[in-house]
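In: My questions are about this predicted structure, shown below with the sequence.
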Amino acid sequence: MANQSGSLTDTLRRVIVLGTGGTIAGRAARPGDNIGYSAAEVGVAELLAGIDAPAGVTLHAEQVAQVDSKDMEFTIWLALALRCEHWLAMDDVAGVVITHGTDTLEETAFFLQSVMAPGKPVVLTCAMRPASALSPDGPQNVRDAIVVAATPGARGVVAVCAGTIHTALDVRKVHPYRLDPFSSGDAGALGYVEEGLVRPVRDWPGGEPTVVLKSPIGAPPRVEIVTSHAGARGAVVDALVRERQAGAPDAVQGLVLAATGNGTLHHDLEAAAMRAQEAGIVVLRATRCGDGRILPKPSDALRDAGGLSPVKARISLMLELLGTVR
Ligand code: ASP
């Protein structure tokens with residue numbers, strides 16, 4: 001609904017805030033305690049109390065889940081994708097904000113970008129201190145995320161924390177304590193939020209969803225991550241193969257190897273990975289390194305995940321096994 005001037009910035013727009021829990025919704029017994037708290041206690045509507053929406057923007061809160069994001073599950077990702085699609089289809093909705101724990105925020109963001117690649121912004125935000133802290137960081141992060149979600153031209157799934165905007169593809173939690181725990185690695189941040197204004201330094205993520213999920217979506221395929229390291233052995237991988245050969249109902253279908261450097265594996269683990277691939281398990285190598293990507297060689301016998309981290313490679317493989325890759 002445009003006003004008389006008809007300009008987009010003057011249009012009354014809604015931003016939908018979906019709550020999923022996390023430290024941002026955490027409560028501690030003592031205000032000075034920033035680590036001994038219970039995550040996922042405060043409802044999303046309460047998190048919005050006292051936050052002034054940008055001019056012309058109205059807020060609507062909806063609780064989708066209430067979990068510590070270390071316990072995030074595929075079913076919550078599906079519920080989030082459905083709620084995002086529902087709200088983003090409405091003309092007066094500018095964008096969606098998702099409040100989330102920092103621990104698996106990058107996984108949820110990557111999943112949503114992979115299945116939706118939305119033409120409007122979906123902004124994940126979080127906090128490193130609980131809502132009960134002396135000086136909580138959540139309210140400013142939520143305010144910044146709302147600003148991004150209401151910004152004309154913004155699109156795609158992004159994360160906003162400590163005034164920095166990261167794409168779903170690049171964002172990675174790199175610090176367990178500081179208030180700015182995320183990095184976009186080599187790619188750098190997408191932009192910044194400064195006093196209610198967005199300053200992009202890169203393009204917003206575009207493109208199409210990388211997969212079309214087949215409906216109805218049942219249990220996700222089991223994909224495990226096994227790390228290569230000094231002294232690594234193939235025993236865990238062999239056990240997964242045996243489980244599959246025994247016909248276990250939730251047997252592993254995919255295996256991500258968190259590989260050293262440019263996708264290399266301890267020879268014992270590599271031999272087991274080759275046996276797994278021969279047994280029909282889809283095997284993917286992802287580098288353990290925080291930055292960069294695997295540069296493939298013609299002699300590679302196991303696929304690589306390019307620049308995806310092991311946890312994002314796992315999601316990519318789950319989606320590949322579940323849906324139709326474009
Ligand atoms: N364990 C919390 C979570 O991911 C940590 C946080 O939100 O910072 O839900």
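Out: It's in.

In: what residues does stretch 20-37 touch?
Out: 19, 38-44, 47, 64-69, 72, 76, 80, 98-103, 105, 108, 125-134, 138, 141-142, 177 (C-beta atoms under 8 Å, 6 or more residues apart in numbering). The way it works is simple: take the backbone N, C-alpha and C, and place the C-beta from them, glycine included.

In: Try it again at 7 Å.
Out: Here stretch 20-37 makes contact (C-beta atoms under 7 Å, 6 or more residues apart in numbering) with 19, 38-42, 47, 64-69, 76, 98-102, 126-134, 138.

In: which residues does G323 contact?
Out: By C-beta under 7 Å, 6+ apart, the contact set of G323 is V211, V212, L213, K214.

In: Which ones among those map onto strands?
Out: Mapping the contacts of G323 onto strands (DSSP state E) picks out V211, V212.

In: Tell me if Y192 really is in a strand.
Out: Yes. Counting by DSSP: H, G, I helix; E, B strand; the rest coil, Y192 is part of a strand.

In: I'd say it and C161 touch.
Out: No. Counting by C-beta atoms under 7 Å, Y192 does not reach C161; the two are 11.3 Å apart.

In: Which of these two has more residues huddled nearby?
Out: Between Y192 and C161, C161 has the larger neighbour count (other C-beta atoms under 10 Å), namely 27 against 16.

In: Show the pLDDT at the closest residue to the ligand within the stretch 1-150 of the chain.
Out: Closest to the ligand within the stretch 1-150 of the chain is G101: 1.9 Å, counting by C-beta to the nearest ligand atom. Listed pLDDT for G101 reads 98.

In: show me the contacts for it.
Out: G21, G22, T23, A39, D68, S69, C126.

In: now do D291
Out: Counting by C-beta under 7 Å, 6+ apart, D291 has contacts G185, D186.

In: Just the terminal-to-terminal distance for stretch 63-72.
Out: Stretch 63-72 has an end-to-end distance of 15 Å (criterion: C-alpha to C-alpha, to the nearest Å).

In: meant to ask about stretch 276-293, not that
Out: Terminal residues of stretch 276-293 are spaced 24 Å apart (C-alpha to C-alpha).

In: who in this protein is up against the ligand?
Out: Applying C-beta under 6 Å from any ligand atom, one finds that the chain approaches the ligand through G22, T23, A39, D68, S69, K70, G101, T102, D103, C126, M128.

In: one more time with 5 Å
Out: Residues of the chain lying close to the ligand by C-beta under 5 Å from any ligand atom are G22, T23, A39, D68, S69, K70, G101, T102, D103.

In: what number of residues lie near the residue nearest to the fourth one when sequence neighbours are not counted?
Out: So that's D68. Excluding its sequence neighbours, the residue lying closest to D68 (C-beta to C-beta, 6 or more residues apart in numbering) is A39, at 3.8 Å. Residues within reach of A39, counting by other C-beta under 10 Å, total 23.

In: where does A39 land on pLDDT?
Out: pLDDT, A39: 96.
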